[in-house]
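# Provided below for reference: sequence and predicted model.
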There are 4 protein chains.
Amino acid sequence: MSKKAAPDPSRRSETARRAILTAALDLVGEVGYAKLSIEGIAAAAGVGKQTIYRWWPSKGALLFDAFLTLAGEGDDGQSAALPDTGDLAADLKLVLRATVEELNDPRYDQPMRALHTEIVHDPALAADYAKRLDEPMRELKKERLRSARDAGQLAADVDLDVAVDLLFGPVLNRWLQRTGPLTAEYADQVVDTALRGLRPREP
Amino acid sequence: MSKKAAPDPSRRSETARRAILTAALDLVGEVGYAKLSIEGIAAAAGVGKQTIYRWWPSKGALLFDAFLTLAGEGDDGQSAALPDTGDLAADLKLVLRATVEELNDPRYDQPMRALHTEIVHDPALAADYAKRLDEPMRELKKERLRSARDAGQLAADVDLDVAVDLLFGPVLNRWLQRTGPLTAEYADQVVDTALRGLRPREP
Amino acid sequence: MSKKAAPDPSRRSETARRAILTAALDLVGEVGYAKLSIEGIAAAAGVGKQTIYRWWPSKGALLFDAFLTLAGEGDDGQSAALPDTGDLAADLKLVLRATVEELNDPRYDQPMRALHTEIVHDPALAADYAKRLDEPMRELKKERLRSARDAGQLAADVDLDVAVDLLFGPVLNRWLQRTGPLTAEYADQVVDTALRGLRPREP
Amino acid sequence: MSKKAAPDPSRRSETARRAILTAALDLVGEVGYAKLSIEGIAAAAGVGKQTIYRWWPSKGALLFDAFLTLAGEGDDGQSAALPDTGDLAADLKLVLRATVEELNDPRYDQPMRALHTEIVHDPALAADYAKRLDEPMRELKKERLRSARDAGQLAADVDLDVAVDLLFGPVLNRWLQRTGPLTAEYADQVVDTALRGLRPREP
DNA sequence: AAGTAAACGAGACGGTACGTCATGTCTTCGG
DNA sequence: CCGAAGACATGACGTACCGTCTCGTTTACTT
């Protein structure tokens, strides 16, 4: 029925796949997103262009895959869970400071910006991103907040999704739009400010 | 001394300028950002390419200008100030709901996404954006919050910038990343959740 | 010692061979020579590309084979000999008119042009062509001329090869280069002129 | 009315044009016709591909132009006319031997073969060839034959076009198809045989 | 009013990258 | 173990735009 014979994944060359993902990530770091070309990735990976077009529908999808695959391997297994020392503010600050540090790391900055650019314009990729990257992370964050709520450190009726957005949204925004310096201090301020309201009223 | 003879702004053709800005905005809405080309804008505006390259340093700058100029004319004069009925929550919800509505309007969605894409990758443009669009708006928002703080509806030691980020960041994020539906209800939730902490403790 | 394991002809699939030859001839008629691809032939024949590469060294060789094999089957046995009614001019005109007709037949035109193109650029193929197609035909023609010479209808010292070239060359040329209409009348003229010579009869 | 805006010839860069024609001719001699690519010509000429596509509809047309332009400059002015010493046979042999020599010259062989290949498959190009190359040459040849006819060295009723075909066709054929060695002797034989005719002299 | 200088429309130029197609080689699988 | 199927590296195809560079042609501003 379909016009195009779908390629057979069982015949796929793992060597080529990894070379492409690695080259993509390397190149986006080297030359930046604007100058990132399929042509260049293919050349750097020692691969025919068709091999890229065969397996990825768009540059964004490739980038996302590169990101996911190669990042996913840094974690042996998965990031498991957020720290839970009982001190919610401290734990959140730890996490948010780490996020800030990562976003300031040039190795992560470029590829992440590239990925976000694609997401902004490609709803399909955005959906993929939401499901495969955002949601798992969000779940971990919500888990930590749930534990805090159970410990009475959070108002019982707080929507956890909104809480996550309140905590992490500002940092992501400041990074994307460069509306101000992205520092550990800012992270702390956001946590403090956000929490003051998330905490239950004192009698 | 300078390599490039600077063009003389006094001789600039207002007709060409407006045609270009209009064409840019129209085209980004029609064909989307990815397929937006200087070549196309020039053709649609009935203008030589050089006339664009003469006056704008980048596609992003042109887009930003188009955005600013043509949007700025909708406001007769300026947006003046945020509403101040004395009810902070209601006023913020009004503003945030309006923002949500605008972001959901297809006429604004495409050009805004385009602009944000450029901002993500062009620090110079980001600075321009921060100064000419973000900061004035932010000032209005802070003004309203300041008034609320004076009225005792906000904790005295709250950083107003962080407060603004907390209120508007989540909405912008959800729009850019499509991590969830962008509704008036969400706007209300964000305001309520953020405020609960921004308010002073009750005794 | 040899780099290439020679394929074993005894194991060759006759089905595949015929399918390929047929497909090649069909395709060159359908899409023309310029768009004829090994890829397309393999697909049309329901055969792997390697099966073609294994048995034919070049597209020209395949085409030639297709031509020879499938055309050779139209003749049950072989064309035997040229007509010999005793009237040399009439016999030659008959043959040349038939040639003209064949060259004007769209079914032969495309494949023959394709074959000639390859011959022009591939000396090996040209040699093959000379030996397997041109020479046998030429021999038949020379046989008829020899018979005429014995009958005193041809000058005794005429080189038969040159004679054949004089008779058939002009027609082939006009076909290949389209320098003029290829008609039966032209064929007759060539025969008459060649036989008579360009010089006036001496008294 | 037309879809495509035709390029303006008055703005054409003569430098680019000559570089392209020269590169085309050089390359076809170096790498042969089969490996001749527009890409390669553009690179060798130091020219963008589009500059070639803008001005020539096909590789064949470019080749033809290259041939015509650059060859036409060897002749200062034009080839004027064929020699006319009064001895028709000698004059024709001179011309035909020159033709043979040219066809055996590697510098001419490759480009000419390339051109002929294109002609075989491209009727438009064939027409162009007939009009701009074949016809002028043919006219010169016919002129010489006409002079001979007036001098009583040619039968009065000979069709001059057929005569030209008879004289030059065999040589061209032998060259294109390599059905035999292309020598001065062969040229002489063709002239003698054509002039004299195949039939024996009547007593 | 004539002269001049800059911005204008147009678009050719040398390039880069696109996404598709065909090449010829190599690997995997089923009969 | 051959042959089909098809993934692979390579590289040309023709197209779209890039940003630069002339070309005349307006359109102001001098003189």
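Yes, it's here. Only a predicted model underlies this, so the values are computations on that prediction, with no experimental measurement involved. Residues are numbered from 1 along each chain as shown, chains lettered A, B, ... in the order given.
# For the least confident helix or strand in chain A by mean pLDDT, enumerate the helices and strands it packs against.
Lowest by mean pLDDT, DSSP states H and E among the helices and strands of chain A is helix A:59-74, with a mean of 84. Packing partners of helix A:59-74 (3 or more Cβ pairs under 8 Å, 6 or more residues apart in numbering or on different chains; DSSP states H and E): helix A:14-31, helix A:106-121, helix A:123-129. (Each C-beta comes from the backbone N, C-alpha and C, glycine too.)
# near chain B, anything from the second one?
Yes. Interface with chain B: helix A:106-121 contributes A:113, A:116, A:117, A:119, A:120, A:121 (Cβ under 8 Å from any Cβ of the partner chain).
# Next: the shortest one.
Yes. Part of helix A:123-129 sits near chain B under the criterion Cβ under 8 Å from any Cβ, namely A:123, A:126, A:127, A:129.
# The last one against residue B:177, yeah?
Same thing as residue A:129. Yes. Here residue A:129 reaches residue B:177: they are 7.2 Å apart, a contact under Cβ atoms under 8 Å.
# Looking at the two now, which is surrounded by more residues?
Neighbours per residue, other Cβ atoms under 10 Å in any protein chain shown: of residue A:129 and residue B:177, the larger number sits with residue A:129, 23 against 18.
# could the helices and strands packed on helix A:59-74 go into a markdown table alongside mean pLDDT?
Formatted as a markdown table, the helices and strands packed on helix A:59-74 follow (pLDDT from 0 to 100):
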| stretch | mean pLDDT |
| --- | --- |
| helix A:14-31 | 94 |
| helix A:106-121 | 89 |
| helix A:123-129 | 91 |
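# Throw those into TSV and include distance to DNA strand F, thanks.
Formatted as TSV, these follow (distance: least, Cβ to the nearest atom of the strand, whole Å):
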stretch	distance to DNA strand F
helix A:14-31	4
helix A:106-121	16
helix A:123-129	21
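# Output those in TSV; the columns should cover distance to residue B:154.
Converted to TSV, the helices and strands packed on helix A:59-74 look like this (distance: least, Cβ to Cβ, whole Å):
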stretch	distance to residue B:154
helix A:14-31	43
helix A:106-121	32
helix A:123-129	35
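# In contact with residue A:100, which residues?
By Cβ atoms under 8 Å, 6 or more residues apart in numbering or on different chains, residue A:100 lies in contact with A:171, A:182, A:183, A:184, A:186, A:187.
# How much space separates residue A:123 from residue A:150?
Applying Cβ to Cβ, to the nearest Å, the value for residue A:123 to residue A:150 is 36 Å.
# Need the three-state assignment for residue A:47.
For residue A:47, the assignment made with DSSP: H, G, I helix; E, B strand; the rest coil gives coil.
# Quick check on residue A:12: phi, psi?
Phi and psi for residue A:12, reported as degrees, to the nearest 10, are phi -70, psi 140.
# Leaving out chain neighbours, which residue sits closest to the residue nearest the centre of chain A?
When Cα atoms, centre = their mean is applied to chain A, the residue found nearest the centroid is residue A:133 (5.7 Å). Spatial nearest neighbour of residue A:133, excluding adjacent residues (Cβ to Cβ, 6 or more residues apart in numbering or on different chains): residue A:68 at 6.7 Å.
# Burial check on the one you found, number of neighbours?
Taking other Cβ under 10 Å as the neighbour definition, residue A:68 ends up with a count of 16.
# Hmm, it is touching residue A:136, no?
No. Judged on Cβ under 8 Å, residue A:68 makes no contact with residue A:136 at a distance of 10.5 Å.
# out of the contacts of residue A:100, who's near chain B?
residue A:186.
# For the contacts of residue A:100, give me JSON lines that also has distance to chain D and secondary structure.
Conversion of those to JSON lines gives the following (distance: Cβ to the nearest Cβ, whole Å; DSSP: H, G, I helix; E, B strand; the rest coil):
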{"residue": "A:171", "distance to chain D": "46", "secondary structure": "helix"}
{"residue": "A:182", "distance to chain D": "43", "secondary structure": "coil"}
{"residue": "A:183", "distance to chain D": "48", "secondary structure": "coil"}
{"residue": "A:184", "distance to chain D": "51", "secondary structure": "helix"}
{"residue": "A:186", "distance to chain D": "49", "secondary structure": "helix"}
{"residue": "A:187", "distance to chain D": "51", "secondary structure": "helix"}
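# Just the buried residues from the contacts of residue A:100, in ChimeraX please.
Here is the ChimeraX command that picks out the buried ones among these, judged by 16 or more other Cβ atoms under 10 Å in any protein chain shown:
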select /A:171,182,186,187
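# any idea how chain A splits into domains?
As given by automatic domain parsing, the domain ranges for chain A are A:9-74, A:88-198.
# related to what we said a few turns ago, residues that sit against both of residue A:129 and residue B:177, list them.
The contact sets of residue A:129 and residue B:177 overlap at residue A:119 (Cβ under 8 Å, 6+ apart).
# relative to helix B:184-198, how tilted is the helix or strand hosting residue A:194?
Assigned by DSSP states H and E, residue A:194 belongs to helix A:184-198. If you take axes from the mean of the first three to the mean of the last three Cα atoms, to 10 degrees, helix A:184-198 sits at 100 degrees to helix B:184-198.
# Which positions in helix A:184-198 come out as buried?
For helix A:184-198, burial by neighbour count (16+ other Cβ under 10 Å) applies to A:186-198.
# Out of these, which comes closest to chain D?
Nearest to chain D among the buried residues of helix A:184-198: residue A:186, at 49.3 Å, using Cβ to the nearest Cβ.
# Next, the contact list for the residue nearest to residue A:25 when sequence neighbours are not counted, please.
Nearest residue to residue A:25, sequence neighbours excluded (Cβ to Cβ, 6+ apart): residue A:66, at 4.7 Å. Shown in contact with residue A:66 (Cβ under 8 Å, 6+ apart): A:20, A:21, A:22, A:24, A:25, A:111.
# May I see these arranged in JSON lines, with neighbour count and distance to DNA strand E as well?
Formatted as JSON lines, these follow (neighbours: other Cβ atoms under 10 Å in any protein chain shown; distance: Cβ to the nearest atom of the strand, whole Å):
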{"residue": "A:20", "neighbour count": "25", "distance to DNA strand E": "13"}
{"residue": "A:21", "neighbour count": "21", "distance to DNA strand E": "16"}
{"residue": "A:22", "neighbour count": "16", "distance to DNA strand E": "17"}
{"residue": "A:24", "neighbour count": "29", "distance to DNA strand E": "11"}
{"residue": "A:25", "neighbour count": "22", "distance to DNA strand E": "16"}
{"residue": "A:111", "neighbour count": "23", "distance to DNA strand E": "16"}
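# about what we covered before: kindly indicate which of the contacts of residue A:100 lies nearest residue A:54.
Distance to residue A:54 across those (Cβ to Cβ) is lowest for residue A:171, with 37.9 Å.
# Wait, that closest one touches residue A:101, no?
No. When contacts are counted by Cβ under 8 Å, residue A:171 is not listed as touching residue A:101 (11.1 Å).
# Can you give the contact residues for stretch A:117-137?
Residues outside stretch A:117-137 that contact it (Cβ under 8 Å, 6+ apart): A:33, A:58-61, A:63-64, A:67-68, A:78, A:115, B:32-34, B:113, B:116-117, B:120-121, B:176-179.
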